[in-house]
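# what follows is a predicted protein model with its sequence.
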Amino acid sequence: MIEFLSKPKFSILTKSPIYRASRVLSVKDRRKISLVIVVQVCLGLFDLAGVAVFGVMGSLAVSGVQSQSPNSRVGQVLDAIGIANLPFQKQAAILAILATCFLMARTFLTVVVTKRTMLFLSRRGAAISSDLVARLLSKSLLFIQERTTQQTLFALTQGVSTLTIGVLATVVTMISDTSLLILLTAGLFVVDPAIAISTLVVFGSIILFMYKNLHNKAKTLGFAESTLHIKSNEKVLEVLNSYRESVVRNRRNYYSEQIGMLRFDLAKTQAQLSFMPYIGKYVLETSVVLGSLLIAAIQFALHDAVTAVATLSIFLVAGTRISPAALRLQQALIQIKSSLGGSEPTLDLIDALRDTLPATSVNQELDLTHEQFVPRIQIQDISFTYPNSDRQALSGVNLDIQSGSVVALVGPSGGGKTTLVDVILGIIEPNSGKVLISNLTPIDAIQISPGAISYVPQDVSIIDGTVRENIAMGFPVEVATDELVHNAIELAGLKEFVATLPNGLDTYVGEKGARISGGQRQRLGIARALFTNPKLLVLDEATSALDGETESRITDSILSLKGKVTVLMVAHRLSTVRNADQVVYMSEGSIKAVGTFESVRNTVPDFDTQAQLMGL
């Protein structure tokens, strides 16, 4: 489990995006990053040494051309290296090799360190994504529904990459380049303070000017990019999910235009973000050329040729190192600003899940016996109100469902039936009261005995895979033996359908079951529920898409489990629940009547009217 650092005591820190981003790193990881920064700073010394040696070489070259002895400072360097008594040609060659080695070593080692840093942060990003998914899945359905699907996907995927690579890795690079600039500027101070100050003023002013004029725009464009990315994906998903309606309503052109506009806006935003770094590049290149000409003019006007050439060569070599570092620094500032918008959804999700433990399972194995599980449901004074609602969805609900019984939840739409099912299954937590299944909370019962509780919703989710993979969903496909699967499909009334498939159980059913009918999807969901040999079966309008004959046959199969399996079914077709042991009538969030079909019919006039309309 990833341990996100807790929020700091001072609220001013919590508002800093970069500080918030750094909190996703553990103390150990932050120490590693600190070590990387120290190494990068030390590598800057190689640059400083290389630049200094090139300056000595330039001064030595001018002295050699003029047949003069090198000045005292150059002589001290030659003595320190041990080449003061060598011929001029050998001195120049050794200095050139030495300077090249320093600069190449710095470049090579920087590449190695940067690669390892990127790999470390990329792996960290993968770990963060995985941990966020685990934490998110341990939250209630209401929490998950606070964000759209595309917002959640973005926060878990692209937002994490933007956070780790776009922000954290860029901050490391920025600190490294800043230290390099400081070292090179310090070296220039030793040679010529005036040149150093001039260099500092020129490059510092450029970086400050570029940052001041571009960083706000970069941040705005970063937010716009992430927003447009999410919105365009939402529109694509919307039209694909409602394709039939779009065709019938003749709205396909509308969607294509909407998606096109969003993608064009996104492309324009991305182009602006991509162009920003080039502005700094062109400005810095021009500045180096103009700076070199200015320094050359000043040096040759005020000093002798040896000193002027030595100083100019140091500036030119330093400029070749300062300019890229300054460019990277300016680009890093833009990158961080533009990435903050893309990482904001992820940072918000991390803050929301910081104190949440990842979803775990006590028992990962599928045990078809469920010996320790007792399929009794005890509902004790449950009340629940949805967020931002003034009306209670459930109010003081009490119910005791005995093991092996068949119980039907009936009542008008909006009466609280599905909400009660969600509470029973632990999908949402009640505001007050409690639910016990097998004398445990729903979540504990599910974790201890996976597969003992099965659920079939009205809208069955079909994964992009085969019939076998859909039935075994969530369990390794290896456990879905032919014997287990065939038993489930027979109870679900799918035997004849599977027999007609070209590859039987291994036939691909298409994304969301695109290649099968609505009734077949619903029966596939029932087969999935029965595959684990459940002791508690919850059906929420699970046969609503079936024809009367098929529904009757499947209902008979489910009722045959009576005594061995506790069945809780939500149904509007009263013929489905007529033979239930207990009928629970719900309206306005509370239970109005409990008893046999006939007793509830006699107690609730509306229920009796529905029964009469259905010919019962």
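Perfect, thanks for sending it. Numbers count the residues shown, from 1 in each chain.

# tell me where the stretch 51-200 of the chain has helices.
For the stretch 51-200 of the chain, applying DSSP state H, counting those that start in this stretch gives helices covering 72-81, 88-136, 141-144, 149-156, 158-161, 170-191, 193-241.

# for L568, find the nearest of those helices.
Of all the helices of the stretch 51-200 of the chain, it is helix 141-144 that lies closest to L568, at 18.1 Å by Cβ to Cβ. C-beta here means a position set from N, CA and C on the backbone, and glycine is covered the same way.

# what's the distance between that closest one and the middle of its chain?
17 Å (Cα atoms, centre = their mean, to the nearest Å).

# ok, and what's touching stretch 236-243?
T149, Q150, S246, R252, Y255, I259 (Cβ atoms under 8 Å, 6 or more residues apart in numbering).

# hmm, back to that, so which of the helices of the stretch 51-200 of the chain is the most packed in?
A comparison of these by mean neighbour count, using mean count of other Cβ atoms under 10 Å, puts helix 158-161 on top with a mean of 24.

# before we move on, the earlier item: looking at the helices of the stretch 51-200 of the chain, which is closest to K562?
Proximity to K562 (Cβ to Cβ) singles out helix 141-144 among the helices of the stretch 51-200 of the chain, at 29.9 Å.

# got a list of contacts for the closest one?
The contact list for helix 141-144 (Cβ under 8 Å, 6+ apart) reads L136, T152, A352, Y386, P387, D422, I427, I428.

# for the residues you listed, give me JSON lines that also has distance to S22.
As requested, the contacts of helix 141-144 are exported to JSON lines (distance: Cβ to Cβ, whole Å):
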{"residue": "L136", "distance to S22": "22"}
{"residue": "T152", "distance to S22": "24"}
{"residue": "A352", "distance to S22": "18"}
{"residue": "Y386", "distance to S22": "37"}
{"residue": "P387", "distance to S22": "32"}
{"residue": "D422", "distance to S22": "38"}
{"residue": "I427", "distance to S22": "35"}
{"residue": "I428", "distance to S22": "34"}
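
# among those residues, which ones are in helices?
Among those, the members falling in helices are L136, T152, A352, D422 (criterion: DSSP state H).

# mind listing the helices for the stretch 301-450 of the chain?
Under DSSP H, counting those that start in this stretch, the stretch 301-450 of the chain gives helices at 305-353, 417-424, 442-448.

# right, and the pair among the ones in helices among the contacts of helix 141-144 with maximum separation?
Among the ones in helices among the contacts of helix 141-144, the pair separated by the greatest distance (Cβ to Cβ) is A352 and D422, at 20.7 Å.

# who's in contact with the nearest residue to V133 once chain neighbours are set aside?
Take V133 and drop its neighbours on the chain: the residue closest to it by Cβ to Cβ, 6 or more residues apart in numbering is L156, 6.1 Å away. Neighbouring residues of L156 by Cβ under 8 Å, 6+ apart: S129, L132, V133, L136, T346, L349.

# mind listing what the second one touches?
In this case it means L132. Applying Cβ under 8 Å, 6+ apart, the residues near L132 are A155, L156, V160, T346, L349, I350, L353.

# and the furthest pair within these?
Of all pairs in the contacts of L132, the most separated under Cβ to Cβ is V160 and L353 at 12.6 Å.

# who's the nearest residue to L436 once chain neighbours are set aside bridged to?
Excluding the flanking residues, the one nearest L436 by Cβ to Cβ, 6+ apart is Q378, at 4.3 Å. For Q378, the beta-bridge partners are D400, L436 (DSSP bridges).

# ok, now how distant is the residue nearest to V133 from V477?
25 Å (Cβ to Cβ, to the nearest Å).

# likewise D459?
In terms of Cβ to Cβ, D459 sits 24 Å off from V477.

# turn the contacts of L132 into a markdown table, including pLDDT.
A markdown table is the format used below for these (pLDDT from 0 to 100):
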| residue | pLDDT |
| --- | --- |
| A155 | 87 |
| L156 | 87 |
| V160 | 87 |
| T346 | 86 |
| L349 | 88 |
| I350 | 86 |
| L353 | 85 |
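
# now tabulate those in JSON lines and tack on distance to A593.
Formatted as JSON lines, the contacts of L132 follow (distance: Cβ to Cβ, whole Å):
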{"residue": "A155", "distance to A593": "45"}
{"residue": "L156", "distance to A593": "45"}
{"residue": "V160", "distance to A593": "51"}
{"residue": "T346", "distance to A593": "49"}
{"residue": "L349", "distance to A593": "44"}
{"residue": "I350", "distance to A593": "48"}
{"residue": "L353", "distance to A593": "42"}
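
# now do the buried residues in stretch 457-470.
P457, V460, I462, G465, T466, V467, R468, E469, N470 (16 or more other Cβ atoms under 10 Å).

# hang on, the earlier thing: would you turn the ones in helices among the contacts of helix 141-144 into a markdown table with pLDDT and distance to L293?
Putting those into a markdown table (pLDDT from 0 to 100; distance: Cβ to Cβ, whole Å) gives the following:
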| residue | pLDDT | distance to L293 |
| --- | --- | --- |
| L136 | 88 | 59 |
| T152 | 87 | 56 |
| A352 | 86 | 57 |
| D422 | 91 | 75 |
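
# relative to T596, which of those is nearest.
For those, the nearest to T596 is D422 (26.2 Å; Cβ to Cβ).

# ok, the closest one - contacts?
L141, I428.

# now it: how far from A393?
From D422 to A393 the distance is 10 Å (Cβ to Cβ).

# over to D459?
20 Å.

# any idea how far the most centrally placed residue in the chain lies from E238?
Centroid-nearest residue in the chain, with Cα atoms, centre = their mean: L156, separated by 1.3 Å. Computed with Cβ to Cβ, the distance linking L156 and E238 is 20 Å.

# over to S454?
According to Cβ to Cβ, S454 and E238 sit 31 Å apart.

# cool, D47 as well?
Distance from D47 to E238, counting by Cβ to Cβ: 53 Å.

# can you check L505 too?
For L505, the distance to E238 - Cβ to Cβ - is 33 Å.

# check L347 too.
27 Å.

# cool, V498 as well?
From V498 to E238 the distance is 33 Å (Cβ to Cβ).

# ranges for the strands of the stretch 501-616 of the chain?
If DSSP state E, counting those that start in this stretch is used as the criterion, the strands of the stretch 501-616 of the chain fall at 536-540, 566-570, 582-587, 590-595.

# possible to save the ones you listed as TSV with mean neighbour count?
Output for the strands of the stretch 501-616 of the chain, formatted as TSV (neighbours: other Cβ atoms under 10 Å):
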stretch	mean neighbour count
strand 536-540	24
strand 566-570	24
strand 582-587	22
strand 590-595	17
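
# dump those strands into TSV; add mean pLDDT as well.
Putting the strands of the stretch 501-616 of the chain into TSV (pLDDT from 0 to 100) gives the following:
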stretch	mean pLDDT
strand 536-540	91
strand 566-570	91
strand 582-587	92
strand 590-595	92
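
# right, and these - which one's nearest D606?
strand 582-587 (7.8 Å).

# show me what that closest one packs onto, helices and strands only.
When contacts are defined as 3 or more Cβ pairs under 8 Å, 6 or more residues apart in numbering; DSSP states H and E, strand 582-587 packs onto strand 406-410, strand 590-595, helix 597-603.

# could you check the angle strand 536-540 makes with the first one?
An angle of 20 degrees separates the directions of strand 406-410 and strand 536-540 when computed by axes from the mean of the first three to the mean of the last three Cα atoms, to 10 degrees.

# can you list the strands that strand 406-410 pairs with?
Applying DSSP bridges, strand 406-410 is found paired with strand 566-570 (parallel), strand 582-587 (parallel).

# and the shortest one, how far out from the chain's middle?
When you say that, I think you mean strand 566-570. Worked out by Cα atoms, centre = their mean, strand 566-570 lies 37 Å from the chain centre.
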